[in-house]
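Asks: coordinates only, sequence not included:
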């Protein structure tokens with residue numbers, strides 16, 4: 001909405017800028033009337049004032065408009081604060097919170113919006129939807145010679161094959177090369193050793209079956225349970241309110257058609273003390289979670305294919321997975337919120353993607369380490385690696401153990417494992433939704449892995465999974 005003071009502010013700011021730039025030109029004795037003519041078109045400057053180069057007149061006008069600009073900025077600030085206070089009062093009444101918290105939420109939302117607008121402006125025009133891709137001309141070309149394909153069936157065939165291979169990048173690790181280790185972490189196998197791994201007794205009970213090297217032994221030692229108290233699995237109406245009120249109605253989700261806007265509309269039921277519909281949703285979710293039985297609707301996901309900005313080569317595409325909104329709600333509350341808080345005091349001190357830490361802390365720690373090593377002439381080691389396809393390289397069985405060692409109940413781990421095992425994916429490109437689908441379990445000996453990138457639990461699972469690696473590094477290091 002345009003306020004009455006907006007055009008006036010623009011007029012004063014432009015006039016102040018005109019006199020300021022004209023003064024600089026006169027002082028440098030480089031008058032560019034073409035530039036001044038462009039500035040003059042949107043302000044009120046007489047011909048005499050425009051053509052005059054008298055420094056006293058310029059200083060006088062500059063002083064006048066500097067004062068007007070300061071007064072106008074003060075007035076604008078007062079009007080803005082009044083608007084924010086009125087808006088915060090309405091929001092606080094609607095969301096049943098205090099005016100101060102509502103005002104803080106409005107300001108944070110404005111900051112995020114400004115940041116994304118700046119990023120959007122820098123990136124320029126958005127890329128169009130994917131309708132053609134570049135693929136190697138033959139398997140032996142190693143990508144040096146490519147062929148562009150634009151037929152819908154061919155594009156979907158190559159993308160599905162590529163995404164299947166993408167989800168099986170971790171199959172070359174010891175946990176799949178060794179039948180003993182593969183069986184040990186499989187929740188579906190009757191003779192798995194998950195309890196032994198969590199108790200730290202696996203090597204004593206199974207060492208005869210498989211000869212472990214030192215690195216594997218250190219890794220298995222790091223799987224031992226750290227937190228013995230379980231994370232609560234109960235879902236409340238307040239959890240429902242807090243999660244969906246922070247989501248935009250236009251957020252892409254839910255291949256079934258139950259989009260974020262539908263769940264946001266249910267917040268009105270809570271506002272009017274008629275929680276019947278949200279309660280039904282919560283009861284269905286809790287029954288599904290506490291029986292490790294994901295809904296069939298939750299086992300469908302869309303893989304949106306986007307360019308990374310490196311061209312349309314099939315190896316340079318990004319996968320964005322869209323899951324059901326209510327499934328994301330469960331994963332966020334249990335894993336993204338409760339489990340991370342449950343584990344935050346026990347995570348390795350090298351972790352920075354946790355509550356209370358920022359990315360700046362990691363940079364500062366790195367800089368301090370390098371400075372101290374240089375000043376003390378100490379030998380040190382630092383590993384920097386590109387976390388390429390990190391979510392798809394995570395082994396779901398190890399991820400289950402990583403969460404359980406920090407207090408995730410067994411039934412919640414089984415729920416996630418069953419969900420990923422039966423998950424079916426279809427592609428979304430410029431040709432719309434694909435008719436062909438694929439599943440992680442299409443080829444059981446080479447089952448697909450990953451932690452469902454795009455879901456609310458992907459980042460928390462990766463954090464907990466990384467803790468095992470960090471603990472293993474410390475066990476293998478020669479010093480602390």
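Replies: Cool, the structure landed. Bear in mind that the values here come from a model prediction, so they are computed numbers and not experimental data.

Asks: doesn't residue 312 make contact with residue 306?
Replies: No. Using Cβ atoms under 8 Å, residue 306 makes no contact with residue 312, being 10.6 Å away. In this view, the C-beta of every residue, glycine as well, is placed from N, C-alpha and C.

Asks: when the two are compared, which one has more neighbours?
Replies: residue 312 (17 against 14; other Cβ atoms under 10 Å).

Asks: now for the more buried one: which residues touch it?
Replies: 130, 132, 133, 134, 148 (Cβ atoms under 8 Å, 6 or more residues apart in numbering).

Asks: could these be laid out in JSON lines, adding pLDDT, neighbour count and distance to residue 154?
Replies: Output for these, formatted as JSON lines (pLDDT from 0 to 100; neighbours: other Cβ atoms under 10 Å; distance: Cβ to Cβ, whole Å):
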{"residue": "130", "pLDDT": "80", "neighbour count": "19", "distance to residue 154": "13"}
{"residue": "132", "pLDDT": "86", "neighbour count": "13", "distance to residue 154": "10"}
{"residue": "133", "pLDDT": "87", "neighbour count": "25", "distance to residue 154": "9"}
{"residue": "134", "pLDDT": "84", "neighbour count": "17", "distance to residue 154": "12"}
{"residue": "148", "pLDDT": "87", "neighbour count": "10", "distance to residue 154": "10"}
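
Asks: which one of the residues you listed is nearest residue 296?
Replies: Residue 296 lies nearest to residue 130 out of the contacts of residue 312, by Cβ to Cβ, at 28.4 Å.

Asks: related to what we said a few turns ago, overlap of the contact sets of residue 306 and residue 312?
Replies: With Cβ under 8 Å, 6+ apart, residue 306 and residue 312 have common neighbours residue 130.

Asks: without its sequence neighbours, what residue ends up closest to residue 297?
Replies: Excluding its sequence neighbours, the residue lying closest to residue 297 (Cβ to Cβ, 6 or more residues apart in numbering) is residue 256, at 5.0 Å.

Asks: phi and psi next, for the one you found.
Replies: For residue 256, the backbone dihedrals (degrees, to the nearest 10) come out as phi -80, psi -20.

Asks: thought it was touching residue 324?
Replies: Yes. The criterion here is Cβ under 8 Å, and residue 256 meets it with residue 324 at 6.3 Å.

Asks: quick one, which of those two is more surrounded?
Replies: Taking other Cβ under 10 Å, residue 256 and residue 324 do not tie; residue 324 has more neighbours (23 against 14).

Asks: what sits against that one?
Replies: Here residue 324 is in contact with 253, 254, 255, 256, 258, 297, 298, 300 (criterion: Cβ under 8 Å, 6+ apart).

Asks: buried among these? Make that a ChimeraX selection.
Replies: Burial among the contacts of residue 324 is assessed by 16 or more other Cβ atoms under 10 Å; the matching ChimeraX selection reads:
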select :253,254,255,298,300
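
Asks: show me the contacts of residue 324 that map onto strands.
Replies: Taking DSSP state E, the ones among those that sit in strands are residue 300.

Asks: can you tell me which of the contacts of residue 324 is nearest residue 51?
Replies: For these, with residue 51 as the reference and Cβ to Cβ as the criterion, the closest is residue 253, at 61.9 Å.

Asks: list the contacts of the helix or strand harbouring residue 371.
Replies: Residue 371 is part of helix 359-376, with elements assigned from DSSP states H and E. Outside helix 359-376, the residues that touch it by Cβ under 8 Å, 6+ apart are 352, 353, 378, 379, 380, 382.
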